[in-house]
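Q: Provided below for reference: sequence and predicted model.
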Amino acid sequence: MRTSPRPTGEGLRLDTRKGRWIEHWNPEDTQQWESEGKAIAGRNLRWSIFAEFLGFVVWQLWSIVVVQLPGAGFQLSTSETFWLLSMPSLVGATLRIPYTFMVPKFGGRNWTIVSAMLLLIPSIGLAVCVSNPATPFPVLLAVAALAGFGGGNFASSMANITFFYPAREKGWALGLNAAGGNLGAAVAQLVVPIAVSLTASVVSAGAGLGVAGLLWVPLILVAAVGAYRNMDNLASAKGDLAGSVAALKEPHLWIMAFLYIGTFGSFIGFSGVFPKLIKDFFPAYSSFAVGAAALSLAFLGPLVGSLARPYGGRLADRFGGARMAVAAFAAMAVMTLLVIVTLPLKSFWLFLVLFLALFTASGFGNGATYRMIPVIFSTSSRAARSGAAPAQTAKLAAAALGLISAIGAYGGFFIPQVLGASSSATGSYVPAFFGFVAAYVLMLAVTAFCYLRKGSLVATTKA
């Protein structure tokens, strides 16, 4: 079914055909945007945020469940525990690469429906496998890997929304989309321990753990149906594989990916292990039911990190992303050092406050580094230096954003693995924390040398 074409003021006609495919979409056409484009984009953004939010929820479920498996009768080694914590991030980061290209291939509405429905697999799978303590570790690991579907959602969601908004509003829209998704980690860590505790008080501990997955099934179905009824596909949303290949050849892509591992990788990595760290360092605070008290407090970390992200971007707009990134890495290094120094005090509340400051700095850094990418690629990429058209450099920057977000997410795998290796080798997490401090100092130096140093190609811009 095709609707009647509607004039938009500059010769374009907004036309909707069967399957909710919109043709002639041009958000830069002011009259089209103000008359109907803005409302359409806003509707798609709202449902995109909701679907991505649930993706982050599912992505982080194992960070909560793993801590409670021993109480349900599971016997896991330290290495196995950290593999269950890190596997969702490994798979999610990897899936972000193909997910980036799904929107141009299948349509934003269509892929949101599919990607939402895929979340049912890890959610139901978790409920089934944790209800039986005899479940083999390889099965647990495979189901944890499937939670990576939720991590992939970020890339397709961001790729979809970027097509809907004009350049002047793209940053704000993408910031809302990212922050809304990131909040899923916080909400999962708040709601799941409470739901598990209440259920376990009525049934067995294993059955109580199963609610961690089943709790989200109705909302996932709402997201899929909502996307089906309210979202749209854009015929103008074209993939740019050539742009991605060109972006991979840019040294700046790899520099920024390294920095994004430090910011977003720290956010998602520490989100995954924060409940485990609280339980291990302060077991007295996890004695309520099956650990609900400690795990519920863990939600504060991803919460403050998510809320800080838009402000990092906003201050980067004003003062420059590189300056804000340097400040973020400095704060992250200092907070991590303070965690190490104050651990002997065995003060839970001091530990919590310092970690919340670390999460805040990582979220702030997320916004700053993400803001740097389009500026850097528009001023210092090979295409920009050769005088390429703005449209070409914009496509290059868009491709770089997708690839950097994928590479950065591998930090969610590295952090649990480093902590696990440190614990296995020395019986302590402290060596791992010293390693993180060294990494943040190195990232600070790389940012300053590449993007603040006099003579840098972007030193005079707000990169």
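A: Received the coordinates, thanks.
Q: could you give the mean pLDDT of stretch 369-389?
A: The average pLDDT for stretch 369-389 rounds to 69.
Q: any low-confidence regions in this structure?
A: Across the chain, the ranges flagged by pLDDT under 70 are 1-16, 171, 200-207, 239-240, 284-296, 379-395, 455-463.
Q: so where do the strands sit in it?
A: Along the chain, counting by DSSP state E, strands occupy 6-7, 13-17, 21-23, 233-234.
Q: in space, not sequence, find me the middle residue of the chain.
A: Closest to where the C-alpha atoms of the chain average out (CA atoms, centre = their mean) is Asn182, at 5.5 Å.
Q: distance-wise, check it relative to Ser362.
A: Per CB to CB, to the nearest Å, Asn182 is found 11 Å from Ser362. Yep, even glycine has a C-beta here, placed from its N, CA and C like the rest.
Q: what do the two both touch?
A: 267, 305 (CB atoms under 8 Å, 6 or more residues apart in numbering).
Q: before we move on, the earlier item: give the closest residue to the residue nearest to the centre of the chain in space, chain neighbours not counted.
A: Sequence neighbours aside, Ser306 is the residue nearest to Asn182 in space, at 3.7 Å (criterion: CB to CB, 6 or more residues apart in numbering).
Q: burial count for that neighbour?
A: By the criterion of other CB atoms under 10 Å, Ser306 has 25 neighbours.
Q: contacting residues for Tyr165?
A: Neighbouring residues of Tyr165 by CB under 8 Å, 6+ apart: 27, 41, 45, 173-174.
Q: list just the nearest of these to Met443.
A: Distance to Met443 across those (CB to CB) is lowest for Leu174, with 22.8 Å.
Q: surely the closest one meets Asn160?
A: No - with contact taken as CB atoms under 8 Å, Leu174 and Asn160 are classed as non-touching, separated by 10.6 Å.
Q: out of those two, which sits in the busier spot?
A: Counted by other CB under 10 Å, Leu174 and Asn160 do not tie: Asn160 has more neighbours, with 28 against 19.
Q: what number of residues lie near Phe319?
A: Phe319: 13 surrounding residues under other CB under 10 Å.
Q: nope, Lys18 is what I meant
A: Lys18, neighbours per other CB under 10 Å, totals 7.
Q: how near is it to Asn160?
A: Counting by CB to CB, the separation of Lys18 from Asn160 is 20 Å.
Q: now swap in Ala421 and tell me
A: Taken as CB to CB, the span from Ala421 to Asn160 is 37 Å.
Q: next: Arg46.
A: As judged by CB to CB, Arg46 and Asn160 stand 13 Å apart.
Q: ok, Ala242 next?
A: Taking CB to CB as the measure, Ala242 falls 20 Å from Asn160.
Q: before we move on, back to that, how about the residue nearest to Asn182, what does it touch?
A: 179, 182-183, 185-186, 363.
Q: quick check, nearest of the residues you listed to Thr78?
A: Thr78 lies nearest to Ala185 out of these, by CB to CB, at 23.3 Å.
Q: isn't that closest one right up against Gln60?
A: Yes - assessed by CB under 8 Å, Ala185 is found in contact with Gln60 at 4.5 Å.
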